[in-house]
Every structure is written in C-alpha cells, then in structure tokens.
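> missing the sequence, but the structure's below:
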C-alpha cells in the first residue's frame, strides 16, 4: 500500500510539474522567445521571405524595399523547407495580412523526405494555434497523439473516437496512453531559442561575413531521385491558402558556387530537380525566378560567397539588387492569370512535362 | 526494438508489470517470449538464426556434460559449438569484407548484418567454454538456456554476460525489492540522459564531419574527434546503464560495463574501465589461452597484439577496425614496457602526475577514435593530413552546445565526484523519498526537453 501511494504521489507530481513547466514555456514562447517563428510573428511586415538559411542571409530587405515599395522580413530558418513555411505562413495569416510571400527554394526541396520529422520539431510549440501544423504533425503516426491533448483537443475530437474504439483495439490503447502525456515535449530541443539573439537576427536579415576558402571541396551530396508527395502537397496547400487570402507568391531559386566542379553546370540529378520545380511553378501559376549562376554569370564570382551554398554580405547585396526589379515585375503579373517565368528568356533546355502536378491540382 | 523509443517504453512497462504479477516459476515464460519479441521486432526472420545457433550450443553443452570421461568427444563437441558460432559470425560479418577487399571478388551475399550478432555469439561461446572447462554446469532446461542468451536488456549490445552470473539469477528469480527498483530506475534515467541528451546531440555534428572528411579542415576534424569521444562513450555506456537499469528493475544484476574510462591513467587501466565485459572476455578466452604473460616478454607482446587485433575485428569488418585494434595492442605493449621501466628505475609517484597521465591517455584514445570512426583508410589518411595542417575556422551552432551542455556538465560533475571516491549512488540510496522523486523529475524533464527523440541507433548495434 505504501508503494502504491508513493507511485501515485510520484505520478501526480510528474503531471503537475509537466503542466507547470509547459505553462511557463508557453508564456515564454508567446512573449520572450527569440525563435525564428516568434520573431517573424512580431515583425508585421508587408512581405515575408521563406525558406532555409539562404532566405535569412541572401535577401537584403532594404534593397528589396527600394525596388518593390514593401517592407520585407527574412523569415527563413536554418535547414528548414516547405513544411516549415506552410506552418509559419498559417501562423502569420492569423495575425497579419501580408501582401507577398517570397519562397526561396532549393533544388532538392521537393524531394527532401529524410529530415521532415526533425524539422517539424520547430513547429511543435505552436501546434495549438495552427491547424496546418497539427495536420502535419499527425501524419507522423500515433506517437504524435501523445503530444496533442491539451494543445489541440478539437483535433482529437475530429478523429471519431467513439466508432473507432468499438472496432479497433489500437485506437483504444492510444486513448489510454493519451492520459499520461507530457505537454512539455512540445518544447523538446527548442529551449535555446529562448536565449537573446543579436539585433540582426531580430531584424530578420543576417548578412554573412567572410569569403569562401581558397580550396573549396564540394561535399558529396546524393539527392533523392523521387518527389516527396507529402511535401509537394504542402506546397500546393500553401499557395492555395495564400491565394485565398489575396497574398502574392513568388518562388526563387538562389545561386550556389559550382565553379570548383570539373563541369560547373548542373548535374543530371540537379537538372531533374530543377525541371520538377519549374513544372511545379508552372502548374501552380507562381512566378519562378531562377537566380543560379547559369542565368546570372555574376554569381560565378567566388568573392560573393561565404561558403559553397551561401552568399556573403556583398553577394547578398548583388543578389538583392538583381532580384528587386524582377520581384517588382513579377508582382505586376499577379492578377493577370499569366505565369511569368523570369527572366523572360527561358533557357534552351526548358522542358515542362505536364502530368504529375496537374493531377495533384 | 531500440531502447530510445516510445515502443520500448510501452513494451518494458508491460513486461515489468507482468513480471512482478505472475508466479516466480513462470517468469521465464514471460521473459523468453518477451526477449524474442524484442529481437524479432527489428527483423523476425533473424529469430530463426538466433534460435538455431542457441540450440546447437545447448545440445553441444549437454553432450559435453554427458561425456564427462571422454576428452576427445568433449573436445569435438566444444569444437562444433565454437565452429558453428564463428561460422555464422564469419558468414554474416566478415565474408563480404574479405572476399571483396582481399580476394577482389563480388560480395557473396546481400544479407543485412543481424543486430547484436557479435554480442550473443560471444556470450554463447563463453557458456560453451565454461561448461567445457567445468566452471559452470550445463543447463538442462532449454528455456532457461535460451533466455540466458536472449535476455532482452543485454541481447543486442551487451554487457556480454557470463553464465556464472546471469543464469543462476534467471533461475532463482526473486521478490520485488523497492530499493533495487529505485536504483534500477535511476540507472535507466541516467543511461537515457547519456544517450538521448548527450550522444545523439553530438551525433549531429560528428556525422556531418566524418561523412565528409574532404569538406572539412583540421580544426573541424579535431572538434569532431572530441565530440565523437563524448558520443561513443555516452552512447555505449548509456546503453549499458539502461540495460542494467531495466534488468535491475526486473530483479537481475548485470555486470558493470564502464567505469569512467576517460579517467584512466594509462592505457592498461583504460581497458580495465572500457567495455569491461568484452575486455575481460578477450582476456579470459583469448589472451590467457594464447599463453598470456607466462611465455616470456616477446610472446606477451605478441599475444597482446593478436588479442587486440581480433578485438578490433570483432567491432566490424573494415581495415580501420583492424588498425584500431593493432594501435591499442601497440599502446598496451608500450604501456607495459613503460611500467616495467619505471619499476626498474624506482621512480616514485609524483603528485599531479596522475592528471598528466589521464590527459595523455585520453588523447591517445582520442586518436584511436579517429581510426575507429572514419569510413575507410583513405579518409583516415586525409584526416591525419588535415589535422597536421590544422586549418580552420570551424563554425558551430551554439544551440547544439546548449542542448547537450547541461547533460554533459552533470555527467562530468558526477564522474569527477565518483573519481574522488564520493559514493553518489550510495547517497541516492540513503536519500529520503522526496529527494529521489526530485532526482527522477529532474532527469525526466532533462530528457524530455533536451533529448533527441528520433535519434541515431546505438553505435554498438552494428557490431
């Protein structure tokens, strides 16, 4: 009996602590967090630049404002991709009415399945506030139910527990386990974002210093060869949702330093990925601005890079000066129903194979 | 099934509750299927392999016990058992390596290496040899024997248990002991903290660097080596702690596998503290039968080299592991030479020299981790070249340090206190219940907030 009481006391204490800590963290995330999402939500800009670290380091908001007349906020985050922008845009639209989304895409963004789950962790603290985030998290199977209660009770309600409980034992024990969950888990790995950031990080744009080393060696990077349908679907939903809210969307593919290769052009796998992105943009009727060194030879200059994938401050200024007018031009097409691919002269090998995205739409 | 998964937590909770509910004499009937389920959860097909080898060992050992008077028959049976174990190990683990790298031929099979094969094969061999030597009696009950080999907490990554320790415990069972449960729970949390908070966070950078040695300069590689030293220790000793903790909660005591190895003053001491179950296995079943130190100095060093090279090969089929073993063999031989020289010269121990010894030993081991972790010999050569050039700089995301820094600080503090003979677990045992609760809460929330949920598998699973 003594041990039964002790166990009960332990579990009660655990539950109380869990609730207490999660309340404290929830409060912190709303008010003092310096994570990328929290900063973006406090920016109240006209235009947001989504994507990975390049979205943070390449787009100079001052220069872009000069060309487009809009205030920009760099809402990119290290290593993030389409799922992140889907969740973040959903959060932003609840508190703001942005005018433009610029999406910095990497060639492998539509194939990038491996790190999906890891990346979604950044969105967990906000899952109570976004149905898009809840939907994405729930695709990861029953373990995500363990983190849902209290944060998203309506999601749990929508699962028709009553009928399933009668038919499947699986859902039955899920519900039981649900009682023993940790709300604090939403903040797993996220606490460093509570630390204060630099002013430039708070401002969004973080220009990179330094230059590419003297003897750069390309990392071996094997891209996947098939599209990740789930990621593609999220991109489509993102564009659809933006359209509903009358927000313009522009895709942009940034430059990489490829001159160290024997053949500095695109590899076959990269060409395949580029074709997929073009096809995607075509069917979504979203302007796609290709800023690679093939289109703009200025980006073949080593002096503009901090490393193989990132421009330095000088590179970011050059990039933004070129992008600004193109962005302004793409906004003019917004309501015309025409899909402009910029620059206007398409590359010779430009091929669109209708089929895949058409079916998804 | 891996320890750091929700699946395991549910599995273990169910086994734990049932274990203490069902009568003592039927506990094997729970633990045996549970262990097989634990292993089969990964690939059920390999259960047949596991059971096949186990049954060969069981039959051979029964035969050895039956033919007490016939030395030839006993030798034949022990030979069959050892040969069958080593053949399976050779086929799954080494055949492709030797055929492709030595014979320059295509691989002979495409099978995935069965998880933990080196561990359970060594455990089975220790049983056969002990029965042959007469140090333990042959187990008549096949269920207890299979349970000894497959006991789930230590099945896939050790500790490599000896029959004299585990088998009697499995048969005797015991009553629920709250104190033992609390210590086991503490050990389990400690192991989880090491694995998911420290090792898996380090793994992010370690993998990034070691999977692309050409892309990094010397400073980055050095940082990667330090991080890997932390990772492999926390990963493997974390596994052992979880295994020992789970076993303790079920009423069983597994052997200590790590004893703060990075505080070793010399390389001999390091091997007394690192992967103790393997190093003692190699000593008892390989080094001593080879002659140990009884056949002169030269032979002692040769035996050391043979033992360590085979120990290296045990880790995996790659020239890097063989070199790793050879390197440790040379270090052990040099360490013995140094000790002998110091004794001859009657050099007294100097205060502060212990710290110097610890630092030197750690850095000698650190270099061995480079050999251990690189993909192949070409990467090793390149990494050494870059280390000597020592160029930089290397930028790391400080948030990574924040996430594992707290765990690492606690680990260091506890190990330093233990090294200064402060009985941390004794203090835990004597502390009042609310203090025990506080300890558990602190670690649970540390794991929840800073752990990597879908982290890497345990490194030693591949061996």
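Everything's here; your move. All values derive from a computational prediction rather than experimental measurement. Numbering: from 1, shown residues only, chains lettered A, B, ... in the order given.
> residues in contact with the nearest residue to residue A:90 once chain neighbours are set aside?
Among residues not flanking residue A:90 along the chain, residue A:132 sits closest, at 3.9 Å (C-beta to C-beta, 6 or more residues apart in numbering or on different chains). Glycine gets a C-beta too; all of them are placed from N, C-alpha and C. Residues near residue A:132 by C-beta atoms under 8 Å, 6 or more residues apart in numbering or on different chains: A:86, A:87, A:90, A:237, A:241.
> quick one: contacts for the second one?
Going back to what we said before, that points to residue A:87. Contacts of residue A:87 (C-beta under 8 Å, 6+ apart): A:37, A:120, A:123, A:126, A:130, A:132, A:133, A:136.
> and the third one, by the same measure?
With contact set as C-beta under 8 Å, 6+ apart, residue A:90 has these partners: A:130, A:131, A:132, A:133, A:241.
> report the buried residues of the helix or strand harbouring the third one.
Following DSSP states H and E, one finds residue A:132 within helix A:131-138. Judged by neighbour count (16 or more other C-beta atoms under 10 Å in any protein chain shown), helix A:131-138 contains these buried residues: A:132, A:133, A:134, A:135, A:136, A:137, A:138.
> Throw the residues you listed into TSV and include pLDDT, thanks.
Compiled in TSV, these are given as follows (pLDDT from 0 to 100):
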residue	pLDDT
A:132	81
A:133	81
A:134	75
A:135	74
A:136	76
A:137	71
A:138	67
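> what is the nearest of the residues you listed to chain B?
Checking the buried residues of helix A:131-138 against chain B with C-beta to the nearest C-beta, the nearest one is residue A:137 at 12.5 Å.
> hmm, the closest one is touching residue A:124, no?
Yes - using C-beta atoms under 8 Å, residue A:137 is in contact with residue A:124, at 7.0 Å.
> can you tell me which of the contacts of residue A:132 is nearest residue A:101?
Nearest to residue A:101 out of the contacts of residue A:132 is residue A:241 (C-beta to C-beta; 10.1 Å).
> count of residues packed around that closest one?
Neighbours of residue A:241 under the rule other C-beta atoms under 10 Å in any protein chain shown: 16.
> ok, it touching residue A:92?
No - assessed by C-beta under 8 Å, residue A:241 is found out of contact with residue A:92, at 10.9 Å.
> any weak-confidence spans in the chain?
Let's take chain A. A:29-34, A:112-119, A:138-182, A:192-203, A:210, A:212-226, A:259-265, A:333-361 (pLDDT under 70).
> let me rephrase: I mean chain B.
In chain B, residues with pLDDT under 70: B:349, B:393-400, B:453-463.
> so the nearest residue to residue B:433 once chain neighbours are set aside: helix, strand or coil?
Excluding the flanking residues, the one nearest residue B:433 by C-beta to C-beta, 6+ apart is residue A:6, at 6.3 Å. For residue A:6, the assignment made with DSSP: H, G, I helix; E, B strand; the rest coil gives helix.
> likewise for residue A:49?
strand.
> what pairs with it across the strands?
Counting by DSSP bridges, residue A:49 is bridged to residue A:74, residue A:102.
> residues in contact with it?
So residue A:49 contacts A:55, A:59, A:72, A:73, A:74, A:75, A:76, A:102, A:103, A:104, A:204 (C-beta under 8 Å, 6+ apart).
> nearest to chain B, of the residues you listed?
Closest to chain B out of those is residue A:76 (14.7 Å), distances taken as C-beta to the nearest C-beta.
> tell me how many other residues surround the closest one.
Here the count is done by other C-beta under 10 Å, and residue A:76 has 30 residues near it.
> specify the local secondary structure of it.
Per three-state DSSP, residue A:76 ends up coil.
> these two touch, right, it and residue A:105?
No - contact criterion C-beta under 8 Å: residue A:76 and residue A:105 do not qualify, at 11.4 Å.
> give me the common contacts of the two.
Common neighbours of residue A:76 and residue A:105 (C-beta under 8 Å, 6+ apart) are residue A:51.
> quick check: phi and psi on residue B:124?
phi -70, psi -40 (degrees, to the nearest 10).
> and it, what does it touch?
Residue B:124 sits next to B:53, B:54, B:57, B:81, B:85, B:149 when contact means C-beta under 8 Å, 6+ apart.
> give me the distance between the last one and residue A:247.
As for residue B:149, its distance to residue A:247 is 63 Å (criterion: C-beta to C-beta, to the nearest Å).
> need the contact partners of stretch B:345-365.
B:229, B:261, B:262, B:263, B:264, B:265, B:266, B:267, B:269, B:270, B:331.
> now with 6 Å, please.
Applying C-beta atoms under 6 Å, 6 or more residues apart in numbering or on different chains, the external contacts of stretch B:345-365 come out as B:262, B:263, B:264, B:265, B:266, B:267, B:270, B:331.
> cool, stretch B:180-189 as well?
Residues outside stretch B:180-189 that contact it (C-beta under 6 Å, 6+ apart): B:241, B:242, B:244, B:245, B:246, B:248, B:249, B:428, B:436, B:443.
> show me how to select, in ChimeraX, the buried members of these.
Per 16+ other C-beta under 10 Å, the buried members of these correspond to this ChimeraX selection:
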select /B:241,242,244,245,246,248,249,428,436,443
